[in-house]
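Q: Structure for this input, please:
(chains A and B)
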Number of protein chains: 2
Amino acid sequence: VTLSAEVLAIGDELVYGRSVDTNSAWLARRLADLGLPVVQISVVGDGEEYLRRAISTACQRSDIVVVTGGLGPTEDDRTRRVVAKVCGEPLRFDEASWRDIQTVLKVYTQQGRAIPVSNRLQAEFPESAQVLKNDCGSAPGFFVEVGGCTLYALPGVPREMYAMWDAHVQPILRTRSDQQVHAHNLHVVGYREADLGERLQDFMIEGQAVKVGITASRGQLTIRILGFDRGLVDSAATAIRPLLGEHLIYEGEHSLEEEVGRQLIKHGVTIALAESCTGGLMAAALTEIPGISSVFLAGFVTYSEQAKSRDLGVDAAILTEHGVVSESVAAAMARGAATKSGARLAISVTGIAGPDGGTPEQPVGTVCFGLYFDGETSTLERRFGDLGRELLRQRSVREGLVWLCRTLARID
Amino acid sequence: VTLSAEVLAIGDELVYGRSVDTNSAWLARRLADLGLPVVQISVVGDGEEYLRRAISTACQRSDIVVVTGGLGPTEDDRTRRVVAKVCGEPLRFDEASWRDIQTVLKVYTQQGRAIPVSNRLQAEFPESAQVLKNDCGSAPGFFVEVGGCTLYALPGVPREMYAMWDAHVQPILRTRSDQQVHAHNLHVVGYREADLGERLQDFMIEGQAVKVGITASRGQLTIRILGFDRGLVDSAATAIRPLLGEHLIYEGEHSLEEEVGRQLIKHGVTIALAESCTGGLMAAALTEIPGISSVFLAGFVTYSEQAKSRDLGVDAAILTEHGVVSESVAAAMARGAATKSGARLAISVTGIAGPDGGTPEQPVGTVCFGLYFDGETSTLERRFGDLGRELLRQRSVREGLVWLCRTLARID
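A: Residues are numbered from 1 along each chain as shown, chains lettered A, B, ... in the order given. Below is the predicted model of the structure:
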């Protein structure tokens, strides 16, 4: 039997669009991995009426409901009270939780101040609820039966929520499901979504044991294969792989930067970056990977012509003759970064991210890349169009990472 | 009369937690700005049954429903068909949209290939729907009356959705609302959420004309004041401001990096960055700001000791004596970045982001900052605890930006 799960995020800042709800995707993924597919994610504000309606609807519809947010100490934190109302139960004050809260907030006592009275409210739970301990914050969670559904209430602060899930919720839910969702991703560039969709249409008909979907993001298409049977998922991947040819750049659920980082570390290839329009974004992506310090030799953010000459040794004559956004300058930047740092591999980016700086010959979105590897330098120019500054920078980082990925795949 | 709005995002990758739904927050914010507060955001998968239920429920509950996703050319794109069923209407093929699609996909014809048949499906709409033109992709949107509700169906690709909203949807919705939501944000550091909540509790009681909420994110608290009456929002801000003292770092709906960027540009203060554990993240944050190139002189990502010496001139003796994560090294890095680039202001970060590298004396989460300004160098050390690599890097960037923000606020 597949139990159905639902996720509910609470907060005015979410429905007013002032924050993006990242908790629900995090939870949905973990629920799916436990074989508890999420059928709906809902987001509602702090207002009591909407909150009550959303909680009762979710509990009527699904077997498991995971709620995040509204467990703080302030007036607009209403989850405890509203869940108690939906259960038709009074709130009870839990002495043990109050002691835990006092321990977390010991900084007050250490400073000779009283713990705010409002924090006491965080130790109140619906009468029949069981408490979920918060190991890194003052908001304990809880779970409670609501009709035939179990509702889990977790804090909205991501770090606290993650820790509570890992330590207390996931072990409980693991016992409630006897199956698991398996996933396999194939990442593809240089294909149009419709073309790829037509090639894969036999795999995408609804109701099959394996679900195949395509998602487009920043110039990359991801083919997601999902199913309860590991063997069927693998067979689908085996059947799809030959259709992709050289468009397939890597496989797996990890990100492109992680793939590049892993390959750099695995092959012990040292790297340096020279970034102009991406302004450190590519360095930031690669240095997110733990252990990268063994191969990451240097990153240069050289926005100005002076910085390109001074920090990378780009010849002023090249800058004058070819212009700062040119394949010649990109080549010189990559060579300079490699020479300065002694890296075996270096990549450079110089382009026009906008909103200003475009010309008819070089419109906003023109980006040049240089790649230095083992003494050889290659370049390429891309015209991404005026995607807007943020997207253009991200698109440029992805293009650079794809090139690094392809280069590293040729090693050995 | 306040009309209520609702947002619905469609995609298996969203309910399986493989992608974060950012479209809904973007739309919710714009709807709120138009005086059309969003009462619920929902996310469902591609499956026809759940999709149909979510669409009918939303249309029964709200006056305006904005749907994103499911307009692509592939088998798993079912929005057109399901909305037609909910309306009880057949699909009609729209010749004009098909011509538009052919124009967008002219690359096929240019290459002598036929446009995929599946793209033809994108020109089918519920019979009474009006088409919304897609100016940057092949998926047209549409809007249609469903009972007393108007449903707007927009593509899921963010860039196409943004453009369709700005050009075609927002102008229509503007005529449907005679009010507007006003917002004012106050950004605060160095306060505990409960303490701040107690100070502000009189403002946070439900049902007042102005809503005041507190959100915590990466060591910063944001007080959000929202209301339909600009004067009341301003009065609340005026009443709250004196309660915050030196904890208030800046005001407005823009991000901290944007505040720092704006101040740098406004005062013409040139800046350089020297990053170790943040690996380019701070440079990436600042270079996101348009126009920053006039003041951003250089960014150095110096992960290794060699890079710190070579690129920033940090004395090897300081590294040996004080260790790479130390206030002395942070000071030398900031001075080095300023000297190398000639910047008036420079900031440095060196710390232990983990998961490895911590010691009992210097646990993971120890981060040192150096700030050089007009010849003077200051340093500080923070112990953030083992928040995990990603959060620790973000927390360090925020700490650095707060310091820059405070420094720039003292100019003039």
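Q: Residue A:265 - how many residues pack around it?
A: By other CB atoms under 10 Å in any protein chain shown, the residues close to residue A:265 number 17. In short, each C-beta sits where N, CA and C put it, glycine included.
Q: per-residue confidence at it?
A: Looking at residue A:265, its pLDDT is 97.
Q: Okay, it and chain B: tell me how far apart.
A: 13 Å (CB to the nearest CB, to the nearest Å).
Q: Look at that residue and give its secondary structure.
A: Following DSSP: H, G, I helix; E, B strand; the rest coil, we place residue A:265 in the helix state.
Q: Break down the stretch 101-250 of chain A into its strands, ranges please.
A: Using DSSP state E, counting those that start in this stretch, the strands of the stretch 101-250 of chain A run over A:124-126, A:130-132, A:141-146, A:149-154, A:182-188, A:210-217, A:220-227, A:248-251.
Q: Among those, single out whichever gets nearest to residue A:86.
A: When those are compared by CB to CB, strand A:141-146 sits nearest residue A:86, at 6.0 Å.
Q: so what strands line up beside that closest one?
A: Here strand A:141-146 has these sheet partners by DSSP bridges: strand A:130-132 (antiparallel), strand A:149-154 (antiparallel).
Q: Only alpha carbons, please: show stretch A:130-140 as PDB.
A: C-alpha atoms of stretch A:130-140 as PDB (Å, rounded to 0.1, in the frame of the first residue of the first chain):
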ATOM      1  CA  GLN A 130       4.100  13.600  21.200                       C
ATOM      2  CA  VAL A 131       7.000  16.100  21.300                       C
ATOM      3  CA  LEU A 132       9.800  16.100  18.800                       C
ATOM      4  CA  LYS A 133      13.000  17.500  20.400                       C
ATOM      5  CA  ASN A 134      14.700  20.500  18.700                       C
ATOM      6  CA  ASP A 135      18.400  20.000  19.100                       C
ATOM      7  CA  CYS A 136      19.500  23.300  17.700                       C
ATOM      8  CA  GLY A 137      16.800  25.800  18.400                       C
ATOM      9  CA  SER A 138      14.100  26.800  20.900                       C
ATOM     10  CA  ALA A 139      11.100  25.500  18.900                       C
ATOM     11  CA  PRO A 140      10.200  21.900  19.700                       C
END
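Q: Next, the buried residues of that stretch.
A: Under the neighbour-count criterion of 16 or more other CB atoms under 10 Å in any protein chain shown, stretch A:130-140 has A:131-132, A:134, A:136-140 buried.
Q: Number of residues surrounding the closest residue to residue A:316 other than its chain neighbours?
A: Leaving aside its sequence neighbours, residue A:316 sits nearest to residue A:309 (CB to CB, 6 or more residues apart in numbering or on different chains; 5.7 Å). Residue A:309 has 17 neighbours, counted by other CB under 10 Å.
Q: ditto for the one 3 residues further on
A: Residue A:312 is flanked by 24 other residues according to other CB under 10 Å.
Q: Same question for residue A:238.
A: 10.
Q: Kindly report the same for the one 4 residues further on.
A: Residues lying near residue A:242 (other CB under 10 Å) number 8.
Q: Then the one 3 residues further on?
A: The tally of other residues near residue A:245 (other CB under 10 Å) stands at 10.
Q: can you list the residues of the stretch 101-250 of chain A near chain B?
A: Residues of the stretch 101-250 of chain A lying near chain B by CB under 8 Å from any CB of the partner chain: A:105, A:116-119, A:138, A:157, A:159, A:181, A:183, A:185, A:192-195, A:197-198, A:200-201, A:204-206, A:211, A:213-217, A:222, A:224, A:226.
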